[in-house]
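>>> Make a model of this:
(chains A and B)
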Amino acid sequence: MSSHFCLSIRFLDPLFHGRSDGGVPEWPPSPLRVFQSLVAVAARQRVEAESALKWLERQPSPMLVAPAGVTSSGYSLSVPNNAMDIVARAWCRGNYSNSGDANPATHRTMKTVRPTQLLGGDAVHYLWPMCESLTGEVCGYVETLSSLARSIVALGWGVDMAVGYGAVVSDEQVEALLGERWLPGAEGTGDGLRVPLQGTLDALARRHERFLTRLKSHTAPPPLSSYATVEYRRATDLPQRPVAAFSLLKLDARGFRAFDTTRRALTVAGMMRHAAKLAAQHAGWSESKINAFILGHGESKDAGEHVAVGPQRFAYLPLPSIEGRGEGKALVVGSVRRTMLTAFADDCDEEIAWARRALSGLELTDEDKNQPPVALLSLLPTTDKIVRRYTQPAASWATVTPVVLPGYDDPAHYRRRLKQGIEAEEQKQLLTRLNDRIDGLLRKAIIQAGFSQVLADHADLDWRKVGFWPGADLADRYGVPDHLRRFPRFHVRINWRDANNRPIQIHGPVCIGGGRFCGLGLFAALAD
Amino acid sequence: MSDELIKKYDHWLKDDSGVAALVIRENLMPVEGQDGVLFPATFAASEDKTFKGGYNIDEFADGKNVCLIDSVGSQANRIEPLFAKKEYAGLVPQIVVKAGDKTVNLLDAGHRAGDAIIRCSALQQDLQDAFKTVQSGDAEPLAKVAPTSLVFGVWDSRDTQAKLPRLIASTIRAFDVRKLTRSAQYVPATEYVDNGLLDEPADKKTKDAYAERGFVHVPASGSHGGVIATGGIRRDATLHLAALRLLTAGDVEAKTLALRRYILGLAMTGFTYSSFGYLRQGCSLVLDPDKPREVREVYCDGRREKVTLEHGDALKYAKAAAKAFGIDPDRKINHQVSPDREVVFDKDLAMKDVSGDDTGRRHQTPRKSVKAGVKVATEPRRSRSGGTKTPRRSKKSK
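Residues are numbered from 1 along each chain as shown, chains lettered A, B, ... in the order given. Presented below is the predicted three-dimensional model:
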């Protein structure tokens, strides 16, 4: 049975004011904050805790269990500058006009406050897995850290009063903790949480020293840089998919080469697939891997029937531009000028990284028609505005290409019966059944795309033939692969919800349904 | 002095105490009745304009909402001046700074013992020494001069950088509020323009000036009309005992205990004080007679247990603890006799403090100031978090 060192921080008022880079509200509070609060206690108490803290900074990133956090509306406070000396000098000069320097209210500044409200609990638990056996030395460290935790005063801003408690807990006890599970992922992501690493304690000590002497030296202490940034995601969330994004350029690279989304997006996906195949052959990939990972064929070349390979393969997603048009600059779906390559499975980072290197600069050619190249691939950063529209975290998404349902929506031929002039009550029943069937198929498609059952069960779904994005065409007009033509397709809008029906932000790309590996059923984030 | 009384709360002060904090929950209601309209604090718009200004009401997905009636800073501003009132004044040294004909009580200084006005007085050296001893683990000297800085928190941002966390916090919120608006029409005493008392306004500027001065009819529509709290109003207050236990008076245990008892007495007095009542025009709150006040001990492991603590008991304890700490709570306040003091604001010290060096030449770092045209929030009157701004560069004169 494995165990964890659990450090629980309980907020006395269920609010958290801490912010991450750029002033964005941070939730859950980063492990580095907790580490810093332990260091602060050790310094205040003047206890010998260096070895224990250094042990903690060497541990792998902890799992977090935290209540749901909802960012509240910010507001501004008027706070005094520490400048009453200026007021007093004016008074000493006999200036009691209560204006200018003589008015204390003049020496104030505005401070924006935007706390995160904690829902359904007040405690955040940090769980470090006890990889090593509990030797006397480790037990000593845990005891020291638990003792420090009991003197934690606040986490976040000074008003975020908190109490701490540390203990070794079993898997069963972890299971019983209430709150959302946040799992550590890859290091080095831009918008992850800060985590201590070896050397953080020393860096904090140096920074504190510089802070104390900042007035004498007239320089602000440099920001702390000795920490890691680790991607954290809820257990219900998909890991953030790595992507390789490319712009489609004219062959002389003088501008974008645009493809009509309705008629040609599928062709772009096909050309991407072909280019990837050629690049992989050139790179010496085995035939079986090319067949499976790039082409999506589980069967051998001569076999007649298609065998699915599962999610361990490339997905080729042509990206229609989402562009502002008209006076109000309303967002409209435009032509395909970019494309993205990803995989709907974990552990494909290496292949995506390879694609990023190998495909940039390649020409796109229509494999079947044996025609000259039509576009040039050029690598794009993931920060590209249009690419972000497909990858940024958001709670509401809508399709730019229709979702092909993973099954028939009308196996009992309800639509045929509806045309036969039946009673209103029966008509209502049949329509409800049809709706339920489509709803079920969409939720099935969500799970097939790798999302959790919780997300599939609680997603708020709308569907129709007409697009939710202006500029999107009727669902039936989009080109689809021959083997998917018989399945119905719809434009879909999803509002993601967690188990408590609260809006939850999901990272893209979101692409579901039968044609997801060639870019059908692709969603773009609606404005947050 | 009763020995029993002074030892009554020692179990909260010992280093191995499991009790991390005390919390109070007081259910309140408007004086007009449960369904009465009350006026929450209004706030300026956030910098990014996502909040347009007005009441701070947070809405949740389930349709519920929470409205901030009185913030932590504002509540602190209502509690701290308590120690200047006659019944409580003896609990702390009464220190005033005289600047010209005006005097500023230390209890009113925005940044408490770290405030610039205090640093530019004869108290400068005492406080610098006190902050330095805090950094070396002895908070007793600071407690002898400015004990409320230990209760409400302080940051000596313009000198030693010593920081002490607040021990008590209090907030008042209303739940599930319905927001109201109101409209009104200002009617001038007479028709100034029609009666030829004023000229017809020639342009918009003049028209606006007439409106501002009350010479023309001015309609006001859709302005803040208060809220009705359908889910109740509550004051939540916290006294952080774990933070209090970080205070020491060097290595002498007896002195540390006396210091902690004294600060606990002050903190409990402020913590149990009914900081509601008349908050602002249209916002008078009283205790809900149907819902008793709850005081609980919060343990480090999250357990919460009921405890009895009344304001009268806290005050008695505070007086006993103050006496044991060497501050006679029943003394007659005399600013010429220790521990009370009146110090004069020293212009020369201020010049040196403001300047970047001893020559009096000022550094070019611009000071933050309120943006022109920004409507200052009605609340808090003055927030004193003790560390809300980057201090101006300054060099302490020797």
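>>> all contacts plus neighbour counts: C-alpha atoms, from now on.
Noted.
>>> Put the alpha carbons of stretch A:210-217 into PDB.
Extracted in PDB, the C-alpha atoms of stretch A:210-217 (Å, rounded to 0.1, in the frame of the first residue of the first chain):
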ATOM      1  CA  ARG A 210      18.200  41.300  -1.300                       C
ATOM      2  CA  PHE A 211      14.700  42.300  -0.300                       C
ATOM      3  CA  LEU A 212      15.800  43.500   3.100                       C
ATOM      4  CA  THR A 213      18.500  45.700   1.600                       C
ATOM      5  CA  ARG A 214      16.600  46.900  -1.400                       C
ATOM      6  CA  LEU A 215      16.300  50.500  -0.100                       C
ATOM      7  CA  LYS A 216      20.000  50.700   0.600                       C
ATOM      8  CA  SER A 217      20.900  49.300  -2.800                       C
END
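>>> Please spell out which residues along that stretch are buried.
A:Arg210, A:Phe211, A:Leu212, A:Thr213, A:Arg214, A:Leu215 (16 or more other C-alpha atoms under 10 Å in any protein chain shown).
>>> The stretch 351-500 of chain A: helices as residue ranges?
Along the stretch 351-500 of chain A, counting by DSSP state H, counting those that start in this stretch, helices occupy A:385-391, A:414-418, A:424-448, A:453-458.
>>> That should have said the stretch 1-150 of chain A, apologies.
A:31-45, A:50-58, A:84-92, A:136-149.
>>> re the thing from before, now pLDDT, secondary structure and distance to chain B too, for the buried residues of stretch A:210-217, in TSV please.
Output for these, formatted as TSV (pLDDT from 0 to 100; DSSP: H, G, I helix; E, B strand; the rest coil; distance: C-alpha to the nearest C-alpha, whole Å):
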residue	pLDDT	secondary structure	distance to chain B
A:Arg210	91	helix	11
A:Phe211	91	helix	8
A:Leu212	90	helix	6
A:Thr213	89	coil	8
A:Arg214	87	helix	9
A:Leu215	85	helix	6
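>>> is it possible to export the helices of the stretch 1-150 of chain A to a markdown table including mean pLDDT and distance to A:Ala424?
Below are those laid out as a markdown table (pLDDT from 0 to 100; distance: least, C-alpha to C-alpha, whole Å):
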| stretch | mean pLDDT | distance to A:Ala424 |
| --- | --- | --- |
| helix A:31-45 | 96 | 60 |
| helix A:50-58 | 96 | 68 |
| helix A:84-92 | 87 | 78 |
| helix A:136-149 | 94 | 67 |
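>>> quick one: B:Arg178 and B:Leu28, what's the gap?
Taking C-alpha to C-alpha, to the nearest Å as the criterion, B:Arg178 is separated from B:Leu28 by 17 Å.
>>> likewise A:Ile322?
The gap separating A:Ile322 from B:Leu28 is 51 Å, by C-alpha to C-alpha.
>>> Neighbour count for these two, which is higher?
B:Leu28 (26 against 23; other C-alpha atoms under 10 Å in any protein chain shown).
>>> Could you give the bridge partners of the more buried one?
B:Leu28 has the following beta-bridge partners by DSSP bridges: B:Ile233, B:Leu287.
>>> Just confirm it contacts B:Ile233, I think it does.
Yes. In this structure B:Leu28 lies within contact range of B:Ile233 using C-alpha atoms under 8 Å: 5.1 Å.
>>> one step back: of the buried residues of stretch A:210-217, which is the nearest to A:Ser73?
A:Phe211 (32.2 Å; C-alpha to C-alpha).
>>> Next, the closest residue to that closest one other than its chain neighbours: secondary structure please.
Sequence neighbours aside, A:Pro221 is the residue nearest to A:Phe211 in space, at 5.5 Å (criterion: C-alpha to C-alpha, 6 or more residues apart in numbering or on different chains). Following DSSP: H, G, I helix; E, B strand; the rest coil, we place A:Pro221 in the coil state.
>>> now swap in A:Ala186 and tell me
strand.
>>> what separates it from A:Arg357, distance-wise?
Distance of A:Ala186 to A:Arg357, computed by C-alpha to C-alpha: 20 Å.
>>> Distance to A:Gly94 for the buried residues of stretch A:210-217 - can I get that in TSV?
Formatted as TSV, those follow (distance: C-alpha to C-alpha, whole Å):
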residue	distance to A:Gly94
A:Arg210	40
A:Phe211	38
A:Leu212	36
A:Thr213	36
A:Arg214	35
A:Leu215	31
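>>> one step back: just put the helices of the stretch 351-500 of chain A in TSV and tack on mean pLDDT.
Formatted as TSV, the helices of the stretch 351-500 of chain A follow (pLDDT from 0 to 100):
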stretch	mean pLDDT
helix A:385-391	93
helix A:414-418	86
helix A:424-448	92
helix A:453-458	89
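>>> Deepest in the core, which of those helices is it.
helix A:385-391 (a mean of 20; mean count of other C-alpha atoms under 10 Å in any protein chain shown).
>>> Would you mind measuring from the residue lying farthest from the centre of chain A to B:Asp346?
Most distant residue from the mean C-alpha position of chain A: A:Gly94, 60.2 Å away (C-alpha atoms, centre = their mean). Distance of A:Gly94 to B:Asp346, computed by C-alpha to C-alpha: 14 Å.
>>> these two touch, right, A:Arg93 and B:Gly100?
Yes. In this structure, A:Arg93 is within contact of B:Gly100 by C-alpha under 8 Å, at 7.1 Å.
>>> Pick out whichever of those two has more residues nearby.
Set A:Arg93 next to B:Gly100 and count neighbours by other C-alpha under 10 Å: B:Gly100 wins out with 17 against 14.
>>> quick one: the residue farthest from the centre of chain A from chain B, how far?
Here A:Gly94 is placed at a distance of 6 Å from chain B (C-alpha to the nearest C-alpha, to the nearest Å).
>>> low-scoring pLDDT stretches of the chain, where are they?
Just so you know, I chose chain A. For chain A, applying pLDDT under 70 flags the ranges A:1, A:132, A:188-190, A:300-304, A:306, A:367-369, A:527-528.
>>> wait, chain B
By pLDDT under 70, the low-scoring segments of chain B are B:1, B:48, B:353-398.
>>> Give me the longest helix you can find in it.
helix B:253-272 (DSSP state H).
>>> Contacts made by it with the rest, please.
B:6, B:10, B:13, B:24, B:79-80, B:82, B:91, B:140, B:143, B:147-148, B:150-151, B:167-170, B:237-239, B:244-245, B:247-250, B:309-311, B:314-315, B:317-319, B:321-322, B:324-325 (C-alpha atoms under 8 Å, 6 or more residues apart in numbering or on different chains).
>>> Would you mind listing the residues in contact with B:Ile172?
So B:Ile172 contacts B:Leu68, B:Ile69, B:Asp70, B:Ser71, B:Ile233, B:Arg234, B:Arg235, B:Asp236 (C-alpha under 8 Å, 6+ apart).
>>> Restricted to strands, list these.
Judged by DSSP state E, the contacts of B:Ile172 include B:Leu68, B:Ile69, B:Asp70, B:Ile233, B:Arg234, B:Arg235, B:Asp236 as members of strands.
>>> Who wins on neighbours among these?
B:Ile233 leads the ones in strands among the contacts of B:Ile172 on contacts (other C-alpha under 10 Å) with 28 neighbours.
>>> and the gap between that one and chain A?
With C-alpha to the nearest C-alpha as the criterion, B:Ile233 and chain A are 15 Å apart.
>>> My guess is that residue contacts B:Val177. True?
No. Counting by C-alpha under 8 Å, B:Ile233 stays clear of B:Val177, with 9.5 Å between them.
>>> Can you spell out which residues form a bridge with A:Pro184?
Here A:Pro184, judged by DSSP bridges, has bridge partners A:Tyr232.
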